[in-house]
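Enquirer: okay, sequence plus prediction incoming.
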Amino acid sequence: MVSQLGTLKRVLVRDVWKYEDADFTPWLAREENVAQLAAAIGIELEVVGVEVPVGPFSADILAKNSSGEFIIIENQFGKTDHDHLGKILTYAATLGASAVVWIAERFTDEHRKAIEWINDHTNDDLSLFAIELELWRIDESKPAVQFNVLSGPSEIVRQATAVKQAGPLTEARQLQGEFWAGFREQMLAKKIVVSAQAARPQYWFNVALGRAYIHLSNTASIADKRIGVRVYISNRVASEALPQLEAQKVEIESEIGSALKWNPNPNAIDKVIVLDRAADISDRTRWPEYFEWLCDQVSRFKKAFEPRIQRLNYPSVVGESDLSRL
């Protein structure tokens, strides 16, 4: 029996970070910290840039989700104000963002209602999140961050967005969407990832690897009757990234426990590293087996590739084509 319990204490944000722009924003942009935010809102986040210029202003953090869409993260110490509300809408419009995450110490009732109203009355191309930043400690322990989600899009809106982005819903696409929904549930239950994109009725299901322009892409082909997992490398960094990974081929394949297909389509501008197998997802009785295999491979791929990708020598900042849109 516990004889003594600690006392939970609220910690002032400025006792940990003196300045929002110089201290908190760089802290949040680190991979391990933005992962906490990603888990809270249920969207995978890869930081693309910090203090990104948007006209005369600067967006605190520009990120991308696993589908490559822009996510804006705007931080604010103290209580929310009209100035920041106007900025987040301006950033969203200018960048064509799919989501905006507004973080503040305290949301006024009017600003919380404004976020809820925008989510209810705009189309499903834009989602807004209101996040209160809290710090807590037990007795004299180190302070711990809590991202308290006050408002965000409903799950129905998220699924509607996923369906819309995937295109016309054929019978095959519907089957793929249901397959990925089951896989997503298993992957989260096994805690292979802290957050995951919504299941879409399409050929692939992406998982972030912590840096821009490279991600895991799980695949399920009904026509070819195959499932697989692949490291997908955007052409923006492929010429630098792929050779560095190929130089570690022996070690990577040893860690994963399987031979991989390295750049099987050399004429393609985007590059992939693939492991696949025969699988007929039209046979739903085999889904538990397929989910188990995919979950196992995603776990192995993440352990083998994620630390190596972090060490790759290519810039993890906004590219020239991105800057041209700002």
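Expert: Arrived safely, thanks for sending. Residues are numbered from 1 along each chain as shown.

Enquirer: ok, H215 - how many residues close by?
Expert: By other CB atoms under 10 Å, the residues close to H215 number 24. C-beta coordinates here come from the backbone N, C-alpha and C atoms, glycine included.

Enquirer: L37 too?
Expert: Residues near L37, counting by other CB under 10 Å: 24.

Enquirer: element containing it, please.
Expert: If you go by DSSP states H and E, L37 is part of helix 31-41.

Enquirer: could you dump that helix to PDB, C-alpha only?
Expert: Output in PDB follows, covering the C-alpha atoms of helix 31-41 (Å, rounded to 0.1, in the frame of the first residue of the first chain):
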ATOM      1  CA  GLU A  31      11.700  15.700 -33.000                       C
ATOM      2  CA  GLU A  32      11.000  14.200 -29.600                       C
ATOM      3  CA  ASN A  33       9.000  17.200 -28.500                       C
ATOM      4  CA  VAL A  34       6.900  17.700 -31.600                       C
ATOM      5  CA  ALA A  35       6.100  14.000 -31.300                       C
ATOM      6  CA  GLN A  36       4.300  14.800 -28.000                       C
ATOM      7  CA  LEU A  37       2.100  17.300 -29.800                       C
ATOM      8  CA  ALA A  38       1.500  14.900 -32.700                       C
ATOM      9  CA  ALA A  39       0.300  12.300 -30.300                       C
ATOM     10  CA  ALA A  40      -2.100  14.800 -28.700                       C
ATOM     11  CA  ILE A  41      -3.700  15.900 -32.000                       C
END
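
Enquirer: please renumber the chain so that the first residue is 54 from this point on.
Expert: Okay, residue one is now 54; in that scheme the one you just asked about reads as helix 84-94.

Enquirer: can you list contacts of it?
Expert: Here helix 84-94 makes contact (CB atoms under 8 Å, 6 or more residues apart in numbering) with 80-81, 97-98, 100, 114, 116, 126, 154, 156, 182, 184, 198, 200, 202, 205, 247-248, 263, 363.

Enquirer: could you point out which element follows it?
Expert: In N-to-C order, the element after helix 84-94 by DSSP H and E is strand 99-107.

Enquirer: what comes up buried for that following strand?
Expert: Buried residues in strand 99-107, defined by neighbour count with 16 or more other CB atoms under 10 Å: 99-103, 105, 107.

Enquirer: filter the contacts of helix 84-94 down to the buried ones.
Expert: 81, 97-98, 100, 114, 116, 126, 154, 156, 182, 184, 198, 200, 205, 248, 263.

Enquirer: count of neighbours near Q199?
Expert: 13.

Enquirer: picking up where we left off before, now, the contacts of helix 84-94 that are in strands?
Expert: The members of the contacts of helix 84-94 that map onto strands under DSSP state E are 100, 114, 116, 126, 154, 156, 182, 184, 198, 200, 202, 263.

Enquirer: my read is that the last one contacts I362, right?
Expert: This points to G263. Yes - between G263 and I362 there is a contact under CB atoms under 8 Å: 6.7 Å.

Enquirer: point out where this structure drops to low pLDDT.
Expert: Low-confidence segments of the chain (pLDDT under 70): 54-56, 119-120, 176-178, 207-222, 368-379.

Enquirer: contact partners for the residue most central in space within it?
Expert: By CA atoms, centre = their mean, the chain has its centre lying nearest to E97, at 1.3 Å. Counting by CB under 8 Å, 6+ apart, E97 makes contact with 91, 118-119, 246, 248-250, 259-261.

Enquirer: cool, I326 as well?
Expert: By CB under 8 Å, 6+ apart, the neighbours of I326 are 283-284, 286, 298, 313-316.
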